[in-house]
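Peer 1: sequence first, predicted model second:
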Amino acid sequence: MAVNRARQNQSSNQPRNQRRNQIRGKLAIILGSLCLGTLAQAQPSPSSSIPIFENVTLSPNFSPDPLTVRGLSGGSVASEKTAGRAETPTGPCVGYVDEQPDHTLVLTGFFQYLSLQVKSNADTVLVVRGPGGSWCNDDYTDRNPGIVGQWLSGTYEIWVGSYKPNTYNPYVIKISDNSQP
């Protein structure tokens, strides 16, 4: 199945995008040097840019699997305010996120299994809001958050946060519907 990516509308949220564009060049260098195994293989050159804050539409059995998207964690809004609660079945809602989601994930069908895992050199947190409610996670694997399980079709908003307000760290999200390691 095809994977559709759409860049976030640059004019819809001017202050947020200006801040992020200022650090986009730094992010390309940082992401290129992250020790994340195969997640960051290419060294960015000054003429190329690594897309960040992408929105994704997926159908079951999508390709490539895993799919990766990138961004910067953090913000000024408490995660529990974004999630609407302090604790979810997938973990506590801690840390700080942006007002607007970092990514939108549209699932065109029911996923019996879907894994969404964040990889970062910093300790990050995750908030997902979509069909059926909101979910948070702090340390799914080491200091990296993730949410794994069955996912309903529909639109999900995804925030990746940091523990301190207005602290920003690069991350990579790996999305897979393959339940085998």
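Peer 2: Cool, got the structure.
Peer 1: can I assume residue 166 sits in a helix?
Peer 2: No - secondary structure of residue 166 (DSSP: H, G, I helix; E, B strand; the rest coil): coil, not part of a helix.
Peer 1: tell me how far it lies from residue 114.
Peer 2: Separation of residue 166 from residue 114 (C-beta to C-beta, to the nearest Å) stands at 31 Å. In this view, the C-beta of every residue, glycine as well, is placed from N, C-alpha and C.
Peer 1: who has more neighbours out of these two?
Peer 2: Neighbour tally, residue 166 and residue 114, criterion other C-beta atoms under 10 Å: the higher count belongs to residue 114, 22 against 10.
Peer 1: that one bridge partners, please.
Peer 2: When bridges are called by DSSP bridges, residue 114 pairs up with residue 149.
Peer 1: so how far is residue 53 from it?
Peer 2: The gap separating residue 114 from residue 53 is 20 Å, by C-beta to C-beta.
Peer 1: what's the answer for residue 79, then?
Peer 2: On the measure of C-beta to C-beta, residue 79 and residue 53 end up 18 Å apart.
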